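Trainee: sequence and predicted structure below; questions after.
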Protein chains: 2
Amino acid sequence: MASDGVRMTSQRRLLLALIEGARRPLDVRALLELGRRQGLALDKATVYRTIALLKEHGLVDELDLLHQKGAGHYYEPIPDKQELHLVCLGCGRVVEMACPHFEQVKKEVRRRQGFQVTTARMELGGYCRRCRR
Amino acid sequence: MASDGVRMTSQRRLLLALIEGARRPLDVRALLELGRRQGLALDKATVYRTIALLKEHGLVDELDLLHQKGAGHYYEPIPDKQELHLVCLGCGRVVEMACPHFEQVKKEVRRRQGFQVTTARMELGGYCRRCRR
DNA sequence: GTATTTGCAAAAGCTTTGCTGCAAC
DNA sequence: GTTGCAGCAAAGCTTTTGCAAATAC
């Protein structure tokens, strides 16, 4: 996986490991901080360049989580099955969940529009159990 | 609709009309240009402030169309039925389509996570009929 | 007359780019 | 040695903010 035609350096390995090891999608700020905590001095240009590379090679997914917490993006490993991202507009927590019916949706998009889906970003805003009244 | 507790001024009316009248989601740049063409000198600060207001009041939806064409956002009226946005990674065209199974997905999210969906952003990237080989 | 909105300019994110030196092969 | 990578600083975009003037009620 870490070698789908991408030449891996220590920085790239670290960044991919951080993204894959995280419990939640990470933004560039978080990646920089975590990297420094591991003793590796990362530059933001390197982080952006690495993310672009990993995206191109299908190793990470980009989200914006409805911009609940600002204008930036968040990165996570590509999951086995397409996921929904549930962003709680109350507390800001993000929950992930396998997307039911995704395969059927994809099929219908193909059938009705002749459109072949290769990537999907599905973010739902609302209120989690705790934040509902 | 234009008065769900939002005080409407001529600028707000124009912006809402532009968004509602457009065939495709518009970004801030396009709104500024269209507004000026209508003879109304708009400032970008006003556009951003108005969009924020319209979003809060549930009058417009925000998309990023997978950032195919840059870093900005796109705005469209809230549709009657939840839509999918199909972004062609070949030619950049955006097609909208009613989201099949959306109601079931919402129900399952509610059942499995206790999460109540109020807004959704669903953007699929891929290749349209023309761009497929 | 008071409250809200607008325009302008400046500032604040986030992301990209040019370039130089460094590391890998 | 050649090729590609990393660091640094600067620039580019999008978006937000402060404040004074204009507008709405």
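Mentor: Nice, I can see it. Residues are numbered from 1 along each chain as shown, chains lettered A, B, ... in the order given.
Trainee: counting by contacts, list what the longest strand along chain A packs against.
Mentor: When chain A is parsed with DSSP state E, its longest strand is strand A:116-127. Applying 3 or more CB pairs under 8 Å, 6 or more residues apart in numbering or on different chains; DSSP states H and E, one finds that strand A:116-127 makes contact with strand A:60-63, strand A:83-88, helix A:102-113, strand B:116-127. Where you see a C-beta, it was placed from the backbone N, CA and C, and this is true even at glycine.
Trainee: 6 Å instead?
Mentor: When contacts are defined as 3 or more CB pairs under 6 Å, 6 or more residues apart in numbering or on different chains; DSSP states H and E, strand A:116-127 packs onto strand A:83-88, strand B:116-127.
Trainee: quickly compare these and say which is most buried.
Mentor: Using mean count of other CB atoms under 10 Å in any protein chain shown, the stretch among the helices and strands packed on strand A:116-127 with the largest mean neighbour count is strand A:83-88, at a mean of 22.
Trainee: what mean pLDDT does that strand get?
Mentor: Throughout strand A:83-88, pLDDT has a mean value of 96.
Trainee: was I right about residue A:76 contacting residue A:25?
Mentor: Yes. Using CB atoms under 6 Å, residue A:76 makes contact with residue A:25 at a distance of 4.2 Å.
Trainee: chain neighbours aside, what residue packs nearest to residue A:72?
Mentor: Distances taken as CB to CB, 6 or more residues apart in numbering or on different chains place residue A:27 nearest to residue A:72, at 4.8 Å, with adjacent residues excluded.
Trainee: distance check, that neighbour against residue B:69.
Mentor: Using CB to CB, to the nearest Å, residue A:27 is found at 22 Å from residue B:69.
Trainee: ditto for residue A:126
Mentor: From residue A:126 to residue B:69 the distance is 28 Å (CB to CB).
Trainee: picking that back up, for the residue nearest to residue A:72, phi and psi?
Mentor: With angles defined as degrees, to the nearest 10, residue A:27 sits at phi -100, psi 180.
Trainee: neighbours of it, how many?
Mentor: Counted with other CB atoms under 10 Å in any protein chain shown, residues neighbouring residue A:27 total 18.
Trainee: what pLDDT does the model give it?
Mentor: At residue A:27, pLDDT is 97.
Trainee: mind saving the C-alpha coords of the longest strand of chain A as PDB?
Mentor: Taking C-alpha atoms only, strand A:116-127 is exported to PDB below (Å, rounded to 0.1, in the frame of the first residue of the first chain):
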ATOM      1  CA  GLN A 116     -18.800   6.600 -13.600                       C
ATOM      2  CA  VAL A 117     -18.100   7.400  -9.900                       C
ATOM      3  CA  THR A 118     -14.500   7.100  -8.800                       C
ATOM      4  CA  THR A 119     -14.500   9.100  -5.600                       C
ATOM      5  CA  ALA A 120     -17.200  10.400  -3.200                       C
ATOM      6  CA  ARG A 121     -17.500  12.900  -0.500                       C
ATOM      7  CA  MET A 122     -20.600  12.500   1.600                       C
ATOM      8  CA  GLU A 123     -20.900  14.700   4.700                       C
ATOM      9  CA  LEU A 124     -24.100  15.000   6.600                       C
ATOM     10  CA  GLY A 125     -24.700  17.700   9.200                       C
ATOM     11  CA  GLY A 126     -27.200  17.400  12.000                       C
ATOM     12  CA  TYR A 127     -27.300  16.600  15.700                       C
END
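Trainee: quick one: that strand near DNA strand C?
Mentor: No. Strand A:116-127 lies out of reach of DNA strand C by CB under 7 Å from any atom of the strand, never closer than 13.7 Å.
Trainee: next, the angle from that strand to strand B:116-127.
Mentor: 160 degrees (axes from the mean of the first three to the mean of the last three CA atoms, to 10 degrees).
Trainee: what's the distance between strand A:116-127 and the middle of its chain?
Mentor: Distance, stretch centre to chain centre, for strand A:116-127: 11 Å (CA atoms, centre = their mean, to the nearest Å).
Trainee: how about stretch A:72-87?
Mentor: Using CA atoms, centre = their mean, the offset of stretch A:72-87 from its chain centre is 4 Å.
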